[in-house]
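Chemist: could you look at this predicted model? Sequence included:
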Amino acid sequence: MNYLSTRGEPTRRRFCEILLEGLAPDGGLYLPEHYPQVDDATLTRWRTAYQTQGYAALAFEVLSLYIDDIPAADLKQICDKTYTEAVFGTRKIVPLKKVEDGLYLEALSNGPTLAFKDMAMQLLGNLFEYELARRGEELNILGATSGDTGSAAEYAMRGKKGVRVFMTSPFGRMSPFQQAQMFSLMDENIHNIAVDGVFDDCQDMVKAVSNDLDFKRQYKIGTVNSINWARLMAQVVYYFAGYFQATTTNAEKVSFTVPSGNFGNICAGHVARMMGLPVDKLVAATNENDVLDEFFRTGVYRVRGSADTHETSSPSMDISKASNFERFIFDLIGRDGPRTQALFGAGLAKEGRFDLSGDPAFAEAATRYGFESGKSVHADRLTTIKDAFERFGLIIDTHTADGVKVAREHQQGGVPMIVLETALPIKFAATIVEALGRQPDRPPQFEGIEDLPKRVIRMVADAGAIKAYITQSCT
Ligand SMILES: *Cc1c(COP(=O)(O)O)cnc(C)c1O
């Protein structure tokens, strides 16, 4: 399998070449040259593999189609080591829970940090360790987080050989639970840096360091952000696992509703559908930050400035532009690299928007690719959380509530609707208390984590300061 850039650069690359990279050199995102097709017999074989051998076996089948520069036995071992009951809590790894007839939740949030990002990040940690050892290299991951990404990255990389993590976060702005999750890690290779400032300040520091190409090269600075193809690929697997649990034959179709921010999670659904998974609709659910809903309704993609990016009670979807969206648009417009470059490159930077409403391709987003969308706001979230608790005894997280609200508006008789559960409610307890007047359940392993000793340093928002800290930590 070869990988290309969405912006038309002609070089083709292998999986392990793009594994440790972010963007392609031309600023595009990597995608496979084609989507491997899964026929009926293969789908049946995978269904049996998942049911009898488990999620790791299914992951190996899917990943083998995209990775041909890691020996099969090694890849199998990496999958087996990643997707275990010990790490993800159940043998099924992503169990499907019935809410009511025709409506299901797929539980993606039982990994170490209780959010779906663990599904991909845990694999990434093992792939990084494997590839760095093979090359005899080291990597310093530098990131900025306002919550879920940072903790998922740290729990995936803790104790991994050849990897250090430097994670900046805005001082005092994450939920107490999220702070406790990250700062209680005592691993030598994990560095928590609380910055005096807001999330944008953290991101600016990371950008400034990455733009210093000499420093970046000398200190092997890398990232784990959501545009990494390996993360997307890992997420494709649970669309298959959800399908196998909701159906008994390959003649049946299902739809998915996905709480969306950067379009990473749902883009994996698009890839699964392109491979031939019988998916009817892919419904993107947004919060008040409705960049994606606006596009699917109108054909206009309009990024927001930070002043127009709302802070909401589903904060992991508070985005102003959807960094993975370029992948879908590339497919939508017939994999036209120069046109993707024109839409997402200088044009978007200058105009802040593009308009496909007059393009015949736009209609195909719904008719050919199955995309629909909807929006959910704070009041909807509270109502949905309350309703799920009162009628079904389920406590759902705020992001998942956005999904359930939108899913109900797009359900069709006879087609199971699967909502991806993207986090557990304990991560966003304040809103649960607001909706239900009670605390969400806390998994036993997180009992009392707020009282554990913390390992974090405080820093001014200054790129020079973090460079000095990295330099000192690498000697
Ligand atoms: C990251 C995240 C999302 C958004 O996922 P994208 O891949 O960015 O669309 C939704 N919910 C939770 C809980 C998350 O952590």
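Modeler: Arrived safely, thanks for sending. Here the structure is a predicted model, which means the values were calculated and not measured.

Chemist: and the residue in the stretch 1-150 of the chain positioned nearest to the ligand, what does it touch?
Modeler: Residue of the stretch 1-150 of the chain nearest the ligand, by C-beta to the nearest ligand atom: Asp148 (3.5 Å). All C-beta spots, glycine's among them, are computed from the backbone N, C-alpha and C. Neighbouring residues of Asp148 by C-beta atoms under 8 Å, 6 or more residues apart in numbering: 113, 115, 117, 178, 316, 423, 427.

Chemist: ok, Thr309 - contacts?
Modeler: 289, 318-320.

Chemist: among these, who's most crowded?
Modeler: Asn289 (24 neighbours; other C-beta atoms under 10 Å).

Chemist: how far away is that residue from Thr400?
Modeler: 17 Å (C-beta to C-beta, to the nearest Å).

Chemist: go on, Met459?
Modeler: 34 Å.

Chemist: again, but for Ala435
Modeler: Taken as C-beta to C-beta, the span from Ala435 to Thr400 is 13 Å.

Chemist: quick one: Glu85 and Gly111 touch, right?
Modeler: No - with contact defined as C-beta atoms under 8 Å, Glu85 does not reach Gly111; the gap is 11.6 Å.

Chemist: more neighbours: these two, which one.
Modeler: It is Gly111, of Glu85 and Gly111, that has more neighbours when counted by other C-beta under 10 Å, with 25 against 13.

Chemist: list the contacts of that one.
Modeler: Taking C-beta under 8 Å, 6+ apart, one finds 87-89, 118-119, 122, 152, 155 in contact with Gly111.

Chemist: pull the most distant pair out of those residues.
Modeler: Across those, the longest distance by C-beta to C-beta is 15.4 Å; it joins Gly89 and Ala152.

Chemist: looking at those two, which is more packed in?
Modeler: The neighbour comparison of Gly89 against Ala152 (other C-beta under 10 Å) goes to Ala152, with 28 against 18.

Chemist: phi first, then psi, for that one.
Modeler: When read as degrees, to the nearest 10, the backbone of Ala152 gives phi -60, psi -40.

Chemist: which pLDDT does the model give it?
Modeler: Here, the pLDDT recorded for Ala152 equals 95.

Chemist: I'd guessed it sits against Leu108; true?
Modeler: No - here Ala152 does not reach Leu108: they are 11.6 Å apart, not a contact under C-beta under 8 Å.

Chemist: the ligand contacts on this structure?
Modeler: 115, 117, 148, 226, 259-265, 316-317, 399, 422-423 (C-beta under 6 Å from any ligand atom).

Chemist: again, only this time at 8 Å
Modeler: Counting by C-beta under 8 Å from any ligand atom, the chain comes close to the ligand at 109, 115-117, 147-149, 152, 226, 235, 258-267, 314, 316-317, 319, 322-324, 397, 399-400, 422-423, 427.

Chemist: state the helix or strand in which His419 lies.
Modeler: Careful, residue 419 is Val and not His. Using DSSP states H and E, Val419 maps to strand 417-421.

Chemist: could I get the buried residue list for that strand?
Modeler: Across strand 417-421, burial judged by 16 or more other C-beta atoms under 10 Å covers 417-421.

Chemist: quick check, Leu75 in a helix?
Modeler: Yes - checked against DSSP: H, G, I helix; E, B strand; the rest coil, Leu75 lies within a helix.

Chemist: mind listing the helices in the stretch 251-400 of the chain by residue range?
Modeler: Here the stretch 251-400 of the chain has its helices, by DSSP state H, counting those that start in this stretch, at 264-275, 291-298, 325-332, 337-344, 346-351, 360-367, 378-392, 398-410.

Chemist: now the farthest one out in the chain, which residue is it?
Modeler: The C-alpha centroid of the chain is most remote from Thr475, which lies 32.8 Å away (C-alpha atoms, centre = their mean).
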